[in-house]
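Participant: sequence first, predicted coordinates after that:
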Amino acid sequence: MLKISEFLTSEPVEFASSNIFCNIALIIFTDLSPIKLLEQIKSIEAEMGRVNDSKISGGYTDRVIDIDIVNFNWLNFSSERLEIPHRKHIFEREFSKILLKDFI
C-alpha cells in the first residue's frame, strides 16, 4: 500500500438499505494485470463472505465487502467484467469524490 485515505461513512447508493457503508480508498503497487487484480479482489470478497456480484445480478444489494478498481495507471480499459477508469466513482458518487480528492 502506497497511500490510504480517511474512512468515510455514507448512505447506500443506487439501492435501498438500512445499512450505513464504510468507504476507503487505497493506492497500491502491484505486478498484476487489471484482470488478474480483479480475480484476486473477487477471491478476497468471496473469502470475506460476499455471495453476490452486481455485475452478474444486474443490481446492487447489501454486501459485506465491495472492492472496486477505480483507476489503474491512467489506463483506459473495458471488458465485460471490468471498466477502468470506474466512471461512477470518479465522476458521480459523492463519497468517492471526497475520498479520491487527494489521489487523482
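Facilitator: Noted; the coordinates are in hand.

Participant: show me the shaky parts of the chain.
Facilitator: Applying pLDDT under 70 to the chain picks out residues 53-62, 104.

Participant: which helix runs longest in it?
Facilitator: Assignment by DSSP state H gives helix 34-47 as the longest helix of the chain.

Participant: part of a helix, is Leu99?
Facilitator: Yes: assessed by DSSP: H, G, I helix; E, B strand; the rest coil, Leu99 belongs to a helix.

Participant: ok, it - contacts?
Facilitator: By C-beta atoms under 8 Å, 6 or more residues apart in numbering, the contact list for Leu99 reads 5-6, 8, 23-25. Just so you know, the C-beta spots here come from the backbone N, C-alpha and C atoms, and that holds for glycine as well.

Participant: quick check: phi and psi at the residue lying closest to it once chain neighbours are set aside.
Facilitator: For Leu99, ignoring the flanking residues on the chain, the nearest one in space by C-beta to C-beta, 6 or more residues apart in numbering is Ala25 at 4.1 Å. Backbone torsions of Ala25, given as degrees, to the nearest 10, read phi -120, psi 150.
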